[in-house]
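K.L.:
everything below, folded, please.
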Amino acid sequence: MKIKSVIFVLSIFAASSIFSQTTLPLDTVLKRSMSAAEKYNGLVENYTADVYMRTYVETLKKNFLYKYTHLVPRFVLHDPKSDEAVIETLSTLKFTYPNNYLQNIKNVTGTLNSRKDIDMIPFYLLNINVYGETTNTESFFMPVRFSTAKYYNYLLKQTQVENNKTYYTIEFNPIYDNQKLLKGHFVIESGTWRIVHFSAEGVESFANFSFEITMGDTWITNYLPVDFVIYHTATYLGNVVASRHLASINYNDVVLRTNEKKEKILNISDFFRVRLDSVPVNNDSVFWAENRVIPLQAKEMDVIENFEKKQELEVIKRNNGDSVQSDKRVQQFAQRMVMDSRYSVKSTMIGYSGLLNPLMLGFSSIDGVTYRQKLSFNFDLKRSRTFKINAFAGYMFRRKEFFTDVTNTWNYEPFYHGNVSLSLGIGNPTYSSLFISQIQETLQNRGIKFEDVSVDYFRDYYAKLFNDYELFNGFVSTVGVEYHIRKPRKNGQALPSPVTGEPNPVEDIFVTRKSFAPYLRFSWTPEQYYRYEGRQKIYVRSRYPTFKLELSRSYQNVFGSTSQYNRVEFDISQNIPFGLMNSFQYHVGAGRFVNQSTEYFADFTFFAKNNFPDNWQDGIGGTFNLLNRHLYNASDSYVQAHFMLETPFLIIRNIPLISDYINRERLYVSQLYTPHIVSYTEFGYGVGNRFFKTANAAIFCSFHKTKFREVGVRASFEL
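P.N.:
Residues are numbered from 1 along each chain as shown. Here you go, the predicted model:
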């Protein structure tokens, strides 16, 4: 084993075990253990290891719905043809400080060996650092750190002496029921104050899980896990499926860190990645007999033997023209109609949202029912370059309006966010500046009520060509041009002619308008953390705000353009975490049209109605939820501010049953100023639960100045 010299650090802790074998109180044990954990957390520079993992799956209870379980992707690992299953894998695991894990699956065998089954094996749990603040996926908080101790209660369960060493067994329990908190126990070795055994349990979507970690017994593996036992029980719609995962890690090369100075590393690629380009099935019994670190149990042998017999029968059925494959194709087609699906064809990845996918439906009290569809193509090119086509279409039933966008993006320099994009689509209806004066008069005379003038006068058809490029880390420049064709809608209403005063149809007053507007945008986030997927750079987080500035000018008589104006917008946004489970997010911005020498359209970039929102990662925050959409175009300037406080322990924690299903609560405040609205405010309260990837609901109320206007709701969820 190749090891760099940092033995001195470990020797201090080892030598200290000669002294102080006296039984200590809980507070002292915790203080010394947590102090040691901060040291051990960054002890290893890198390592390589061989990993053997075996999974045993058993269906404990099922009903008629069980046979449809496989239609839900990444839900429960199970065998739809049998109540039991066994999977064995051999892989290599590489770790590089501070948090780069790469697990390469080398060999697979067993009764389940498809890629979707292998993807559901919890390999990520093998990379738990018991000395860290959180797991590498940030799914839950570990209890052996000062920063997380406030979320747990501790109890000294046992003190025992073996081989002249004292061991303390400490039980920990969460102060609140929350999916990010665990309960269990860990065993501490006196003197070194290292963890020798760690056991915990928790909850996730429709399931409970537990895991046990045993640390090594050699001087170099004392601080690394060597054995895992993972239990997982899924309970859903009267069905119960349990799985057990056994894993053994054999380290080949461990290098310890020699630099004790904490360096600020902005590259945090990847937390954890499993490489499984193709499923390397290897059913050679001799090979597995030589490489199976953990012997098969009698029950597992029976499962494998029964599986082999069934395989032989299926071969006979196929030879006899049985319809098994035909039934399977019908099930796959039904699944793809109602769920997100992905298809790989050589170097092309195709994604589709599903024609009857219920998650494509949305609802808000302002916009009513909405329906959308997504289609994507991703073509892999050389040197990690890609060409992507993302198509979107949405329909608003209450307003009978159709929206669409097709964006083609060539990622020519993934290291520096180098992208050239072309977007074509149908955008939000908007108003001409000729009509804004009437809007403003109505706002002044009747407050914020807008019913008398809420007519969609122009339909927007656009084309956008732009290029993004990172000049230095965190600073991205965008150079582009927008071309809009705005056609008046034939809505049958009449307005008085500005010349004769006689009523004229809207389409007789307003004609098709075009605008050609180059723009320049800068986005800067100081101290931007990032990670790489291949050569693609992906921004992650920063403790500083993101500053955005956009400058645009429309030129008259270019490609038929009828508008001439300048537009400037500025926006600041930030996510401020305080504690491990709380955050405060905001974005504040302002914009203005200047030097308008012709008719124009008040169509801002950072202040616009998003009919299918996706803001602040939850689809609800960071935007106005009750603001009449016509008011976005009712002024040539604006100042807006949005704030969101997120915490899991606000109101729901005091309601026992509900607190088991809610893991975050949010408070919203949004404020808008325009010269003619002056003050518009929204307050909101929202919750999110743990059953879906994204599941949120919120209620909002709005005020014009100090006058209450209305209450509305919004909900969004995604598997």
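
K.L.:
what ranges in the stretch 251-400 of the chain fall below the confidence cut-off?
P.N.:
Where the stretch 251-400 of the chain drops to pLDDT under 70, the residues are 259-264, 268-272, 275, 277-278, 317-340.

K.L.:
which stretches of it form strands?
P.N.:
273-275, 341-345, 348-352, 361-364, 368-380, 386-396 (DSSP state E, counting those that start in this stretch).

K.L.:
can you give me the angle the third one makes with strand 341-345?
P.N.:
Orientation check (axes from the mean of the first three to the mean of the last three Cα atoms, to 10 degrees): strand 348-352 against strand 341-345 gives 160 degrees.

K.L.:
remind me what strand 348-352 packs against, helices and strands.
P.N.:
The contact analysis (3 or more Cβ pairs under 8 Å, 6 or more residues apart in numbering; DSSP states H and E) places strand 348-352 against strand 341-345, strand 368-380. C-beta coordinates here come from the backbone N, C-alpha and C atoms, glycine included.

K.L.:
I figured Arg592 hits Tyr565, correct?
P.N.:
No. Using Cβ atoms under 8 Å, Arg592 makes no contact with Tyr565, being 10.4 Å away.

K.L.:
and the nearest residue to Asn378 once chain neighbours are set aside, how close does it get to Ser376?
P.N.:
Spatial nearest neighbour of Asn378, excluding adjacent residues (Cβ to Cβ, 6 or more residues apart in numbering): Met349 at 4.2 Å. Relative to Ser376, Met349 is positioned 8 Å away (criterion: Cβ to Cβ, to the nearest Å).

K.L.:
what's the local residue count around the residue nearest to Asn378?
P.N.:
16 (other Cβ atoms under 10 Å).

K.L.:
please name the bridge partners of it.
P.N.:
Beta-bridge partners recorded for Met349 (DSSP bridges): Ser344, Asn378.

K.L.:
list the contacts for it?
P.N.:
Going by Cβ atoms under 8 Å, 6 or more residues apart in numbering, Met349 touches Arg342, Tyr343, Ser376, Phe377, Asn378, Asp380.

K.L.:
buried ones among those residues?
P.N.:
Buried by 16 or more other Cβ atoms under 10 Å: Ser376, Asn378, out of those.

K.L.:
which among the contacts of Met349 gets closest to Leu434?
P.N.:
Set against Leu434, the nearest of the contacts of Met349 by Cβ to Cβ is Ser376 (39.6 Å).

K.L.:
what's the closest non-adjacent residue to the closest one?
P.N.:
Gly351 (4.2 Å).

K.L.:
same check, this time on Ala242
P.N.:
Thr233 is the one closest to Ala242 (Cβ to Cβ, 6+ apart), at 4.7 Å.

K.L.:
packing partners for the helix or strand hosting that neighbour?
P.N.:
Using DSSP states H and E, Thr233 sits in strand 225-236. For strand 225-236, the packing partners by 3+ Cβ pairs under 8 Å, 6+ apart come out as strand 207-215, strand 239-256.

K.L.:
next, the buried residues of it.
P.N.:
Pro225, Val226, Asp227, Phe228, Ile230, His232, Thr233, Ala234, Tyr236.

K.L.:
from memory the second one sits against Gly216, does it?
P.N.:
Yes. Under the criterion of Cβ under 8 Å, Val226 lies in contact with Gly216, with a separation of 4.5 Å.

K.L.:
what's the overlap in contacts for these two?
P.N.:
Shared contacts of Val226 and Gly216, defined by Cβ under 8 Å, 6+ apart, are found at Tyr251.

K.L.:
distance of Asp227 from Val540?
P.N.:
32 Å.

K.L.:
which one of the contacts of Met349 sits closest to Leu551?
P.N.:
For the contacts of Met349, the closest approach to Leu551 (Cβ to Cβ) belongs to Ser376, at 31.2 Å.

K.L.:
rewinding a little: give me the more crowded residue out of Arg592 and Tyr565.
P.N.:
Per other Cβ under 10 Å, whichever of Arg592 and Tyr565 has more neighbours is Tyr565, with 23 against 16.

K.L.:
does the more buried one touch Phe593 like I think?
P.N.:
Yes. Tyr565 is within contact range of Phe593, at 5.4 Å (criterion: Cβ under 8 Å).

K.L.:
what do those two both touch?
P.N.:
In contact with both Tyr565 and Phe593: Tyr600, using Cβ under 8 Å, 6+ apart.

K.L.:
hang on, the earlier thing: now the strands of the stretch 251-400 of the chain in TSV, with distance to Val713?
P.N.:
Shown next, in TSV, are the strands of the stretch 251-400 of the chain (distance: least, Cβ to Cβ, whole Å):
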stretch	distance to Val713
strand 273-275	39
strand 341-345	30
strand 348-352	30
strand 361-364	7
strand 368-380	12
strand 386-396	17
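
K.L.:
out of those strands, the one nearest Tyr638 is which?
P.N.:
Using Cβ to Cβ, the nearest of the strands of the stretch 251-400 of the chain to Tyr638 is strand 361-364, at 21.7 Å.

K.L.:
count the residues that sit near Ala247.
P.N.:
Residues within reach of Ala247, counting by other Cβ under 10 Å, total 26.

K.L.:
ignore what I typed, I meant Leu465.
P.N.:
By other Cβ under 10 Å, the residues close to Leu465 number 16.

K.L.:
quick one, what contacts it?
P.N.:
Contacts of Leu465 by Cβ under 8 Å, 6+ apart are Val420, Ser421, Leu422, Ser423, Gly480, Val481.

K.L.:
and what of Phe206?
P.N.:
Phe206 makes contact with Phe75, Val76, Ala234, Thr235, Tyr236, Phe691, according to Cβ under 8 Å, 6+ apart.

K.L.:
on that earlier part again, touching, the residue nearest to Ala242 and Glu204? I think so.
P.N.:
No. Counting by Cβ under 8 Å, Thr233 sits too far from Glu204 to count as a contact (10.7 Å).

K.L.:
can you tell me the SS state at the residue lying closest to Asn153 once chain neighbours are set aside?
P.N.:
Nearest residue to Asn153 in three dimensions, chain neighbours excluded: Asn173, at 5.1 Å (Cβ to Cβ, 6+ apart). Under DSSP: H, G, I helix; E, B strand; the rest coil, the three-state class of Asn173 is strand.

K.L.:
contacting residues for Asn173?
P.N.:
By Cβ under 8 Å, 6+ apart, Asn173 lies in contact with Tyr152, Asn153, Leu155, Lys183.

K.L.:
filter the residues you listed down to the ones in strands?
P.N.:
Cross-referencing the contacts of Asn173 against strands under DSSP state E gives Tyr152, Asn153, Leu155, Lys183.

K.L.:
most neighbours among the residues you listed, which one?
P.N.:
Among these, Tyr152 has the most neighbours (other Cβ under 10 Å), with 19 neighbours.

K.L.:
quick one: that residue and Phe140, what's the gap?
P.N.:
11 Å.

K.L.:
go on, Arg709?
P.N.:
Separation of Arg709 from Phe140 (Cβ to Cβ) stands at 41 Å.

K.L.:
pLDDT weak spots in the stretch 1-150 of the chain?
P.N.:
The model of the stretch 1-150 of the chain has pLDDT under 70 over residues 1-22, 73, 136-138.
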